[in-house]
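Trainee: dropping the sequence and predicted coords here.
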Amino acid sequence: MLELNQVSKNYADVCALEHCDLSIASGQTTVLIGPSGCGKSTILRLIIGLQTPDEGSIHFAGQRLERDSLPALRQRMGYVIQDGGLFPHLCARDNVALMARYLRWPDVRIATRITELAELTHFPVDALDRFPIQLSGGQQQRVSLMRSLMLDPEVLLLDEPLGALDPMIRRDLQVDLREVFTNLGKTVLMVTHDLGEAAFFADTVVLLRDGRIVQQGTMEQLLREPADDFVRRFIQAQRSPLETMEIPG
Amino acid sequence: MTRRFAINFLCGLLLAGNCLAAEEPTIVVGSKNFTEGVVLGELIRAMAASAGASVEHRQALGGTRLVFNALVSGEIDIYAEYTGTLTHEIFAQSKPASNADLRDLLAKSGLVMSKSLGFRDNFALGMREHVAERLDIRRVSDLRAHPELVFRFGTEFTERGDGWPGLRRHYGLPQQDVLGVEHDLAYRGLAAGDVDLTDLYTTDAEIAYYDLRTLEDDLGYFPPYEAVLLYRAELAQEQPAALAAVLRMQGLIDEAQMIAMNSRVKLGGAQEVLVAADFLREQLGVDVDARSSTRSERFLRNTGQHIALVAISLVAAILIAVPLGIAAARWPRLGQIILGVVGIAQTIPALALLVFMIPLFGIGAGPAVIALFIYSLLPIVRNTYTGLTTIPAQLIESAEALGLPAGARLRLVEAPLAAVSILAGIKTAAVINIGAATLGALIGAGGYGQPILTGIRLDDVGLILEGAVPAAGLAIVVQLLFEWAERAIVPRGLRASTRA
């Protein structure tokens, strides 16, 4: 579905991505993980075309991502960022409908689709007319997800979609999100820095460090056969202190 | 292409502004910005009107140079001038030796000079009557015997070559205590006895008021300032009847009559239009329509003109400045240039900007509209630019990631998000514009500046307030209107008070 070939990207002097090859399988959930600045968000931004690679090429469903092909291809991808990126001047419904209206979908079709999505994402229908500042963080992310799903894209790109939420809400949304992924069978590419979250979602985990892919495989492979010492330390650092704590009595 | 657009746009503004004068009058009378000039202008207007012409009097347009140029360029058809001014100021370089020379020079510009109106408004020296009597001073040369006298002159007279320096040489005057001051202060000094002598014009209302004796220029130093009419030569063909009527003013007014008319306006607070009408009725038996305007009529007229000046210039500024602000936000390097240029335009004082308009576009509402338009650009451009460039990056990227092309992003996302800032810029521009528009009266654009200018000229606080108070009021009303519009235009989700 998505192919990165020898992609490099530099910001000023810092190398964000270095000769990266990555292939994302169709219908699967792939999680990009790694420490801050490892290049995982950059991969998403390159795919959605917010940035262009300095070297290498990216293909989406066999088509190369280029300036000319980008606008059409973007409509086949959904993109969700950490704080939602909802437009504050539009209510939830208008945020979700924005692109469909631009594409002149009939009103009935838009309304039907929004009801469908609200159900799918467990978003209360009566809150659809609220503005983003009137919604909680979790609700905002549900709206953002609805917006990304509106045109029924083939690929979902999620950049730390749950990063800004507090743990309880986060847990609820994780469950709902996984349900959505499973039901829709879409190709999902998600960025997180949280190992537990990666384990929860991923069919395939891709671990990055300093703009390079260190290891790629299932979570089990990662835990059982860490490719190097860095992978081992990364995993160790994220093991919950609770798991290792001995409860007296 | 852009250049042609710019020219067309400015011409459109000029036309729109000039349309503010509802009907095109057949004769436009001008006057210089002092009382006698305005009274003479009213006399001309009344005489032309008595012959059936439709006449407009653009009162107190400005100084000599401005009004003369307006005549040369055909923006006015006629005004009252003085031979001495023409000889020593307008044609100082050509040094015309006689009125015949003067007529030749004027003819080259397509202008004609009438015969004398019957009086001179010369420079002269004046002393309190009782002081002059006591010291037995009747002529300027008598001053030589009194070196202890205190002289206070208007600043202009002190500095002009044909003023005090030349006078002192010509008569060999010995006085040492000589200073240039604000002319009103010189009069007050005379009244208080601190000052013995000042310069004056021979038809000044103050001569009678302060009981002054004008000293005879016995050695013939001061040039004659014969009052005449100057008009465009075409007037003789275009409006022969009106011109003939106006020319009946030749030889009609003697010095005492002119002083009396000046006094009625300056000291008695009468309107020039009434003074002129009374004079014509008494002298010629001509009955002219001389209804003086009531306060409310003036208020309505000034309000209409003022609002039109502001509205046209502001709408034009919005049409140009918002796209400029958008361009500046989109292309940063171009943006620096745009912001720089409109920033410089803003640093020009409004008054100077209006004066710059005169050689380019002449006088009247048109050039004032252009000046106000230029003056309104910066706040709108800057706020549009700021509004657009301070939108959080993730919102712009979200719109981009959705697949919206640039134009749709601007329309659906960026413009609504910048609306608060853009509207604030327009509000600032409108309020500045209302204040600056009062200066438009200086170049004959009318509006609230008109009573302010007349009030300053006549030292009439009531008249000044007649312009200043409504101008301030209008600014407040506009401010309120914008706040109301803000509530209507700014999306609900952007208002901080919105809470679930």
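Mentor: The structure has been received and is ready for your questions.
Trainee: wait, doesn't A:R45 sit right on A:Q51?
Mentor: Yes - look at A:R45 against A:Q51 with C-beta atoms under 8 Å: they come within range, at 4.7 Å. Just so you know, the C-beta spots here come from the backbone N, C-alpha and C atoms, and that holds for glycine as well.
Trainee: have a look at the two and say which one is more surrounded.
Mentor: Taking A:R45 and A:Q51 together and counting by other C-beta atoms under 10 Å in any protein chain shown, A:R45 has the greater number of neighbours (20 against 17).
Trainee: for the more buried one, what is the enclosing helix or strand?
Mentor: If you go by DSSP states H and E, A:R45 is part of helix A:40-48.
Trainee: mind listing what's buried along whichever helix or strand comes after that helix?
Mentor: Where DSSP H and E defines the elements, the next helix or strand beyond helix A:40-48 is strand A:55-60. For strand A:55-60, the neighbour count (16 or more other C-beta atoms under 10 Å in any protein chain shown) marks A:56, A:58, A:60 as buried.
Trainee: name the nearest residue to the last one, ignoring sequence neighbours.
Mentor: Think A:F60. A:L73 (5.3 Å; C-beta to C-beta, 6 or more residues apart in numbering or on different chains).
Trainee: count of neighbours near residue 103?
Mentor: Since you didn't name a chain, this refers to chain A. Applying other C-beta under 10 Å, we find 13 residues neighbouring A:L103.
Trainee: sorry, should have said chain B
Mentor: 14.
Trainee: you'd agree B:V461 is up against B:G455?
Mentor: Yes - B:V461 is within contact range of B:G455, at 6.8 Å (criterion: C-beta under 8 Å).
Trainee: residues contacting the residue nearest the centre of chain A?
Mentor: What sits nearest the mean C-alpha location of chain A, by C-alpha atoms, centre = their mean, is A:L158, with 1.3 Å. A:L158 makes contact with A:79-80, A:188-191, according to C-beta atoms under 8 Å, 6 or more residues apart in numbering or on different chains.
Trainee: buried stuff in the longest helix belonging to chain A?
Mentor: In chain A, assigned by DSSP state H, the helix with the most residues is helix A:167-184. Neighbour-count burial for helix A:167-184 flags A:169-170, A:173-174, A:176-177, A:180-181 (criterion: 16+ other C-beta under 10 Å).
Trainee: then stretch A:102-116?
Mentor: In stretch A:102-116, counting by 16+ other C-beta under 10 Å, buried: A:102, A:105, A:110, A:113-114.
Trainee: output that stretch as PDB - backbone C-alpha positions only.
Mentor: The C-alpha coordinates for stretch A:102-116 follow below in PDB (Å, rounded to 0.1, in the frame of the first residue of the first chain):
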ATOM      1  CA  TYR A 102     -15.900  21.200  -0.800                       C
ATOM      2  CA  LEU A 103     -16.200  18.100  -3.000                       C
ATOM      3  CA  ARG A 104     -20.000  19.000  -3.300                       C
ATOM      4  CA  TRP A 105     -21.300  15.800  -1.800                       C
ATOM      5  CA  PRO A 106     -25.100  16.000  -1.600                       C
ATOM      6  CA  ASP A 107     -26.300  17.100   1.900                       C
ATOM      7  CA  VAL A 108     -28.100  13.800   2.500                       C
ATOM      8  CA  ARG A 109     -25.000  11.800   1.800                       C
ATOM      9  CA  ILE A 110     -23.000  14.000   4.200                       C
ATOM     10  CA  ALA A 111     -25.600  13.700   7.000                       C
ATOM     11  CA  THR A 112     -25.800   9.900   6.600                       C
ATOM     12  CA  ARG A 113     -22.100   9.600   6.600                       C
ATOM     13  CA  ILE A 114     -21.700  11.700   9.700                       C
ATOM     14  CA  THR A 115     -24.300   9.700  11.600                       C
ATOM     15  CA  GLU A 116     -22.500   6.600  10.600                       C
END
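Trainee: so for the one helix or strand B:V369 maps to, what's the average pLDDT?
Mentor: B:V369 belongs to helix B:365-389 when assigned by DSSP H and E. Taken as a whole, helix B:365-389 carries a mean pLDDT of 92.
Trainee: need the strands for chain A, in chain order.
Mentor: A:2-11, A:14-24, A:29-33, A:55-60, A:63-64, A:77-80, A:155-159, A:187-192, A:204-209, A:212-217 (DSSP state E).
Trainee: just give the strands next to the fifth one in its sheet, each with its orientation.
Mentor: To tie it back to what came earlier, the one meant is strand A:63-64. strand A:55-60 (antiparallel) (DSSP bridges).
Trainee: residues in contact with the strand it pairs with: which ones?
Mentor: A:1-8, A:19-20, A:46-47, A:64-65, A:73, A:76-77, A:155.
Trainee: if we use 6 Å, what do you get?
Mentor: A:2-8, A:64-65, A:73 (C-beta atoms under 6 Å, 6 or more residues apart in numbering or on different chains).
Trainee: same check on stretch B:392-412?
Mentor: Counting by C-beta under 6 Å, 6+ apart, A:48, A:50, A:71, A:74-75, A:79, A:81, A:85, A:99, A:102, B:413 sit against stretch B:392-412.
Trainee: how about the residues of chain B by chain A?
Mentor: B:394, B:397-398, B:401-403, B:408, B:413, B:416-417, B:491, B:493-494, B:500 (C-beta under 6 Å from any C-beta of the partner chain).
Trainee: at 10 Å what do you get?
Mentor: Residues of chain B found near chain A (C-beta under 10 Å from any C-beta of the partner chain) are B:391-406, B:408-409, B:411-417, B:419-420, B:490-496, B:498-500.
Trainee: for A:R170, what are its contacts?
Mentor: A:137-138, A:141, A:161-164, A:194, A:197 (C-beta atoms under 10 Å, 6 or more residues apart in numbering or on different chains).
Trainee: now, which of those residues lie within helices?
Mentor: Counted as lying in helices by DSSP H, out of these, are A:137-138, A:141, A:197.
Trainee: B:R134: what secondary structure?
Mentor: Of the three states, B:R134 takes helix under DSSP: H, G, I helix; E, B strand; the rest coil.
Trainee: which pLDDT value belongs to it?
Mentor: So B:R134 comes in at 92 (pLDDT).
Trainee: try the one 10 residues further on
Mentor: Reading off the confidence values, B:R144 has pLDDT 92.
Trainee: count of residues packed around residue 97?
Mentor: Since no chain was named, I'll use chain A. Neighbours around A:A97, by other C-beta under 10 Å: 22.
Trainee: that answer is for a different chain, and I need it for chain B
Mentor: 9.
Trainee: go on, A:Q82?
Mentor: Using other C-beta under 10 Å: A:Q82 sits among 18 other residues.
Trainee: rank the contacts of stretch B:392-412 by pLDDT and give me only the lowest.
Mentor: A:P71 (84).
Trainee: quick one: low-confidence residue ranges for chain A.
Mentor: A:13, A:240-249 (pLDDT under 70).
Trainee: which positions within the helix holding B:V369 qualify as buried?
Mentor: Result for helix B:365-389 [16+ other C-beta under 10 Å]: buried residues B:365-389.
Trainee: equivalent analysis for stretch B:41-56, please.
Mentor: Neighbour-count burial for stretch B:41-56 flags B:41-51, B:53, B:55-56 (criterion: 16+ other C-beta under 10 Å).
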